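**Student:** need a 3D model of the following:
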Amino acid sequence: MGALLLDMDGVILDGPRTLPGIYDAATEDAIDDLGLEPTPDQREALGTHVESTVVNVCSRLDVGPSTFLELKHAHACTRSHECIRKGERGIYDDVDVLRKLGERVPLALVSNNRHATVQFVAEFLDAPFAAVQGRKPIPEAFSRRKPDPYYIQLTLDRLGIDAGQYVGDRATDVEAAIAAGLEPIFIRRSHNRDVPTPEGTTHEIESLQELPAILEHS
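**Tutor:** Numbering: from 1, shown residues only. The predicted structure follows:
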(Lines give C-alpha, C1' and ligand atoms only; values in the text may rest on other atoms or scores of the structure.)
Protein backbone atom coordinates (compact mmCIF):
# COMPACT_ATOMS: atom_id res chain seq x y z
CA MET A 1 0.00 0.00 0.00
CA GLY A 2 1.27 3.46 -0.87
CA ALA A 3 0.83 6.77 0.93
CA LEU A 4 -0.58 10.09 -0.22
CA LEU A 5 1.66 13.03 0.65
CA LEU A 6 0.64 16.64 0.09
CA ASP A 7 2.48 19.93 -0.01
CA MET A 8 0.91 22.67 2.12
CA ASP A 9 1.38 26.14 0.57
CA GLY A 10 -0.63 26.39 -2.63
CA VAL A 11 -2.21 22.97 -2.10
CA ILE A 12 -3.89 23.24 1.30
CA LEU A 13 -3.35 26.92 2.13
CA ASP A 14 -4.42 29.57 -0.36
CA GLY A 15 -1.40 31.09 -2.08
CA PRO A 16 2.05 29.74 -2.87
CA ARG A 17 3.92 31.00 0.20
CA THR A 18 3.79 32.66 3.61
CA LEU A 19 1.97 35.99 3.44
CA PRO A 20 4.12 39.02 2.52
CA GLY A 21 5.61 40.82 5.47
CA ILE A 22 5.46 37.90 7.91
CA TYR A 23 9.17 37.09 7.74
CA ASP A 24 10.19 40.75 7.75
CA ALA A 25 8.20 41.35 10.92
CA ALA A 26 9.46 38.13 12.49
CA THR A 27 13.04 39.15 11.73
CA GLU A 28 12.50 42.47 13.48
CA ASP A 29 10.90 40.68 16.44
CA ALA A 30 13.92 38.37 16.81
CA ILE A 31 16.37 41.27 16.49
CA ASP A 32 14.52 43.14 19.25
CA ASP A 33 14.34 40.05 21.48
CA LEU A 34 18.10 39.60 21.27
CA GLY A 35 18.93 43.29 21.52
CA LEU A 36 20.94 43.19 18.29
CA GLU A 37 22.10 46.27 16.42
CA PRO A 38 22.62 45.13 12.82
CA THR A 39 23.54 47.46 9.97
CA PRO A 40 20.84 47.93 7.31
CA ASP A 41 22.57 45.35 5.09
CA GLN A 42 22.84 42.87 7.96
CA ARG A 43 19.20 43.42 8.87
CA GLU A 44 18.18 42.62 5.30
CA ALA A 45 20.43 39.54 5.25
CA LEU A 46 18.87 38.17 8.44
CA GLY A 47 15.51 38.16 6.67
CA THR A 48 16.70 35.83 3.91
CA HIS A 49 16.52 32.02 3.62
CA VAL A 50 20.18 31.69 2.61
CA GLU A 51 21.97 29.49 5.12
CA SER A 52 25.49 30.86 4.66
CA THR A 53 24.26 34.46 4.76
CA VAL A 54 22.36 34.07 8.02
CA VAL A 55 25.21 32.13 9.64
CA ASN A 56 27.78 34.75 8.62
CA VAL A 57 25.74 37.69 9.86
CA CYS A 58 24.91 35.98 13.16
CA SER A 59 28.62 35.30 13.65
CA ARG A 60 29.41 38.99 13.15
CA LEU A 61 26.69 39.95 15.61
CA ASP A 62 27.96 37.38 18.12
CA VAL A 63 24.71 35.39 18.29
CA GLY A 64 24.19 31.72 17.55
CA PRO A 65 22.37 31.21 14.23
CA SER A 66 20.14 28.54 15.75
CA THR A 67 19.18 30.91 18.57
CA PHE A 68 18.27 33.63 16.08
CA LEU A 69 16.40 31.25 13.76
CA GLU A 70 14.39 29.71 16.59
CA LEU A 71 13.15 33.15 17.61
CA LYS A 72 12.50 34.23 14.03
CA HIS A 73 10.57 31.04 13.29
CA ALA A 74 8.57 31.30 16.51
CA HIS A 75 7.47 34.84 15.70
CA ALA A 76 6.70 33.91 12.08
CA CYS A 77 4.59 31.00 13.30
CA THR A 78 2.67 33.16 15.79
CA ARG A 79 1.87 35.72 13.10
CA SER A 80 1.05 33.13 10.41
CA HIS A 81 -1.21 31.07 12.67
CA GLU A 82 -3.18 34.14 13.67
CA CYS A 83 -3.70 35.00 9.98
CA ILE A 84 -5.08 31.51 9.38
CA ARG A 85 -7.37 31.65 12.43
CA LYS A 86 -8.76 35.01 11.29
CA GLY A 87 -9.22 33.82 7.71
CA GLU A 88 -6.70 36.33 6.37
CA ARG A 89 -5.01 33.37 4.72
CA GLY A 90 -7.62 30.98 3.44
CA ILE A 91 -7.83 27.22 3.11
CA TYR A 92 -8.99 25.73 -0.17
CA ASP A 93 -12.53 24.34 -0.09
CA ASP A 94 -11.56 21.02 -1.67
CA VAL A 95 -9.53 19.92 1.39
CA ASP A 96 -12.72 18.31 2.74
CA VAL A 97 -11.93 15.26 0.62
CA LEU A 98 -8.91 14.50 2.81
CA ARG A 99 -11.10 13.04 5.55
CA LYS A 100 -12.41 10.39 3.15
CA LEU A 101 -8.96 9.76 1.69
CA GLY A 102 -7.55 9.19 5.15
CA GLU A 103 -9.79 6.16 5.46
CA ARG A 104 -8.18 4.61 2.38
CA VAL A 105 -4.48 5.48 2.52
CA PRO A 106 -1.98 6.97 4.99
CA LEU A 107 -1.94 10.75 4.56
CA ALA A 108 0.99 13.05 5.24
CA LEU A 109 1.55 16.79 5.00
CA VAL A 110 5.10 17.61 3.87
CA SER A 111 6.25 21.17 3.28
CA ASN A 112 9.26 23.47 3.03
CA ASN A 113 7.42 25.73 5.44
CA ARG A 114 8.12 25.84 9.16
CA HIS A 115 7.47 22.56 10.97
CA ALA A 116 5.38 24.21 13.69
CA THR A 117 3.12 25.76 11.06
CA VAL A 118 2.70 22.43 9.26
CA GLN A 119 1.66 20.91 12.58
CA PHE A 120 -0.72 23.80 13.26
CA VAL A 121 -2.40 23.48 9.85
CA ALA A 122 -2.82 19.72 10.25
CA GLU A 123 -4.52 20.23 13.62
CA PHE A 124 -6.56 23.19 12.37
CA LEU A 125 -7.91 21.08 9.50
CA ASP A 126 -8.66 18.18 11.81
CA ALA A 127 -7.75 15.86 8.93
CA PRO A 128 -6.42 12.33 9.56
CA PHE A 129 -2.75 12.94 8.77
CA ALA A 130 -0.55 10.03 9.81
CA ALA A 131 2.54 12.26 9.65
CA VAL A 132 3.46 15.92 9.22
CA GLN A 133 6.86 17.30 8.29
CA GLY A 134 8.22 20.77 7.79
CA ARG A 135 11.44 22.74 8.08
CA LYS A 136 13.07 22.92 11.51
CA PRO A 137 14.62 26.22 12.75
CA ILE A 138 18.22 25.18 12.12
CA PRO A 139 20.63 26.58 9.51
CA GLU A 140 21.05 23.32 7.57
CA ALA A 141 17.28 23.12 7.02
CA PHE A 142 17.56 25.73 4.25
CA SER A 143 19.51 23.34 2.01
CA ARG A 144 17.03 20.51 2.63
CA ARG A 145 14.12 22.29 0.98
CA LYS A 146 12.57 20.86 -2.17
CA PRO A 147 13.58 19.95 -4.81
CA ASP A 148 15.75 18.02 -2.35
CA PRO A 149 13.60 15.00 -1.35
CA TYR A 150 14.92 15.07 2.24
CA TYR A 151 11.63 15.90 3.98
CA ILE A 152 9.60 13.58 1.77
CA GLN A 153 12.00 10.71 2.37
CA LEU A 154 12.04 11.40 6.11
CA THR A 155 8.26 11.14 6.12
CA LEU A 156 8.19 7.93 4.10
CA ASP A 157 10.71 6.37 6.47
CA ARG A 158 8.57 7.36 9.43
CA LEU A 159 5.52 5.78 7.82
CA GLY A 160 7.45 2.69 6.78
CA ILE A 161 6.25 3.15 3.20
CA ASP A 162 8.25 3.59 0.00
CA ALA A 163 5.55 4.19 -2.62
CA GLY A 164 2.66 6.50 -3.31
CA GLN A 165 1.88 9.97 -4.62
CA TYR A 166 2.92 13.53 -3.77
CA VAL A 167 0.63 16.46 -4.57
CA GLY A 168 2.30 19.80 -5.23
CA ASP A 169 1.87 23.07 -7.08
CA ARG A 170 5.45 23.69 -8.25
CA ALA A 171 8.07 22.11 -10.46
CA THR A 172 10.24 21.63 -7.37
CA ASP A 173 7.49 19.47 -5.86
CA VAL A 174 7.50 17.27 -8.95
CA GLU A 175 11.29 16.98 -8.87
CA ALA A 176 11.31 16.06 -5.18
CA ALA A 177 8.56 13.47 -5.65
CA ILE A 178 10.43 11.78 -8.49
CA ALA A 179 13.66 11.76 -6.49
CA ALA A 180 11.82 10.08 -3.61
CA GLY A 181 10.26 7.44 -5.88
CA LEU A 182 6.72 8.84 -5.72
CA GLU A 183 4.24 9.67 -8.48
CA PRO A 184 4.02 13.46 -8.82
CA ILE A 185 0.54 14.96 -8.94
CA PHE A 186 0.53 18.58 -10.09
CA ILE A 187 -2.44 20.65 -8.94
CA ARG A 188 -3.57 23.79 -10.71
CA ARG A 189 -4.45 26.77 -8.56
CA SER A 190 -4.95 30.44 -9.48
CA HIS A 191 -1.28 31.29 -8.85
CA ASN A 192 0.05 28.61 -11.24
CA ARG A 193 -2.77 28.53 -13.78
CA ASP A 194 -0.59 29.41 -16.76
CA VAL A 195 2.74 27.78 -15.93
CA PRO A 196 3.86 24.84 -18.10
CA THR A 197 3.17 21.39 -16.71
CA PRO A 198 6.40 20.29 -14.98
CA GLU A 199 8.32 17.55 -16.73
CA GLY A 200 7.72 14.16 -15.13
CA THR A 201 4.22 14.93 -13.85
CA THR A 202 2.18 11.72 -13.59
CA HIS A 203 -1.23 13.35 -13.06
CA GLU A 204 -2.47 16.92 -13.43
CA ILE A 205 -5.57 17.92 -11.48
CA GLU A 206 -7.76 20.98 -10.99
CA SER A 207 -9.02 19.97 -7.54
CA LEU A 208 -8.17 17.66 -4.66
CA GLN A 209 -11.60 16.14 -5.30
CA GLU A 210 -10.01 14.29 -8.24
CA LEU A 211 -7.68 12.32 -5.97
CA PRO A 212 -10.06 9.45 -5.07
CA ALA A 213 -10.35 8.47 -8.74
CA ILE A 214 -6.58 8.56 -9.16
CA LEU A 215 -6.02 6.39 -6.10
CA GLU A 216 -8.65 3.95 -7.28
CA HIS A 217 -6.68 3.25 -10.45
CA SER A 218 -3.20 3.31 -8.90
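
**Student:** could you list the low-pLDDT ranges of this structure?
**Tutor:** 1 (pLDDT under 70).

**Student:** quick check, central residue of it?
**Tutor:** Geometric centre of the chain, nearest residue: residue 111, 2.5 Å, by C-alpha atoms, centre = their mean.

**Student:** wait, isn't that one in contact with residue 134?
**Tutor:** Yes - Residue 111 lies in contact with residue 134 (C-beta atoms under 8 Å); the separation is 4.9 Å. To be clear about C-beta, it is placed using only N, CA and C from the backbone, and glycine gets the same treatment.

**Student:** any common contacting residues for the two?
**Tutor:** Residues touching both residue 111 and residue 134 (C-beta atoms under 8 Å, 6 or more residues apart in numbering) are 8, 117-118, 151.

**Student:** longest helix in the chain, please.
**Tutor:** Longest helix in the chain, counting residues (DSSP state H): helix 65-86.

**Student:** how about the helix or strand that it is followed by: buried residues?
**Tutor:** Per DSSP states H and E, helix 65-86 leads on to helix 97-101 as the next helix or strand towards the C-terminus. Of the residues in helix 97-101, those buried under the neighbour-count criterion (16 or more other C-beta atoms under 10 Å) are 97-98, 101.

**Student:** now the closest residue to residue 111 other than its chain neighbours: how far from residue 91?
**Tutor:** With sequence-adjacent residues excluded and distances taken as C-beta to C-beta, 6 or more residues apart in numbering, residue 111 is closest to residue 8, at 3.8 Å. Distance of residue 8 to residue 91, given as C-beta to C-beta, to the nearest Å: 10 Å.

**Student:** quick one, which of the two is more surrounded?
**Tutor:** residue 8 (20 against 15; other C-beta atoms under 10 Å).

**Student:** in a strand, residue 111, correct?
**Tutor:** Yes - assessed with DSSP: H, G, I helix; E, B strand; the rest coil, residue 111 lies in a strand.

**Student:** who does the closest residue to residue 141 other than its chain neighbours form a beta bridge with?
**Tutor:** Nearest-residue entry for residue 141: residue 135, 4.5 Å, with adjacent residues in sequence omitted and distances by C-beta to C-beta, 6+ apart. Note on residue 135: beta-bridge partners residue 114, judged by DSSP bridges.
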